[in-house]
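>>> what's the 3D shape of this:
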Amino acid sequence: YSLKGGIFAWMRGIVERELWTPPMLDRFMQYDRFGLGSLAYLLVSDGEALLVDPPRDFEPDLGGAKLIGVADTHCHADFISGSPALASKYGINVALGVWIESDQDTNARDIERFIRIADKQRRNVVRVLVGNEVILRGDLPVEQMIEYLAHVRAELEIPVSTAEPWHIWLRYPQLAEHVD
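Sure, this is the predicted structure:
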């Protein structure tokens, strides 16, 4: 890849890869944003497509499929999602996620930004995920995650959850009482 266009062009570069497609899918694509070190995915089945973690200003080749959903697994300072714009353009629902880590100042800033984004796209945002494997990584105690979940729910009044592996839910059943 050339640096023509400078760092801006580098950060917007995307390498498209067709991945091995499991039997339940018709097409499985990966979009590697090498300048950011992040990935997006397109899953197509029976003429319907789901786009996961799309970058800003991104228009995938749907191959004739109908885009029925977009989902963000996380949101953080160096990633600006394309999900809200795509959801608005296609009139579809989106599930947004916010990245949570051990630094509570960063979390507070990112959560407030996340709430503003979700609120602005309220017509299309139908569910939010607060954190991804935060308890598994040991970044925060369960009690702090419960506080974050309650805060986001109070601000947005839509279903709120978090992403943790099954054994975390079994170890901390009180967490399940605070998600939708």
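>>> and the strands in the chain?
Ranges of strands in the chain, per DSSP state E, are 15-18, 27-33, 38-45, 48-52, 66-71, 93-98, 125-132, 160-163.
>>> listing partners with orientation, what would you give for the second one?
The strands that strand 27-33 pairs with in its sheet are strand 15-18 (antiparallel), strand 38-45 (antiparallel) (by DSSP bridges).
>>> please apply the same query to the fourth one.
Sheet pairing for strand 48-52, assigned by DSSP bridges, gives strand 38-45 (antiparallel), strand 66-71 (parallel).
>>> quick one: Val179 and Gln144, what's the gap?
15 Å (C-beta to C-beta, to the nearest Å). No exception for glycine: its C-beta is placed from N, CA and C like everyone else's.
>>> buried residues in stretch 36-55?
For stretch 36-55, burial by neighbour count (16 or more other C-beta atoms under 10 Å) applies to 36, 39-44, 49-55.
>>> state the mean pLDDT of it.
The average pLDDT within stretch 36-55 is 91.
>>> find me the pLDDT at the one residue sitting closest to the centre of the chain, would you?
The centre of the chain sits closest to Asp72, judged by C-alpha atoms, centre = their mean, with a distance of 1.5 Å. The model reports Asp72 with a pLDDT of 78.
>>> correct me if wrong: Val44 contacts Asp26.
Yes - counting by C-beta atoms under 8 Å, Val44 does reach Asp26; the two are 4.9 Å apart.
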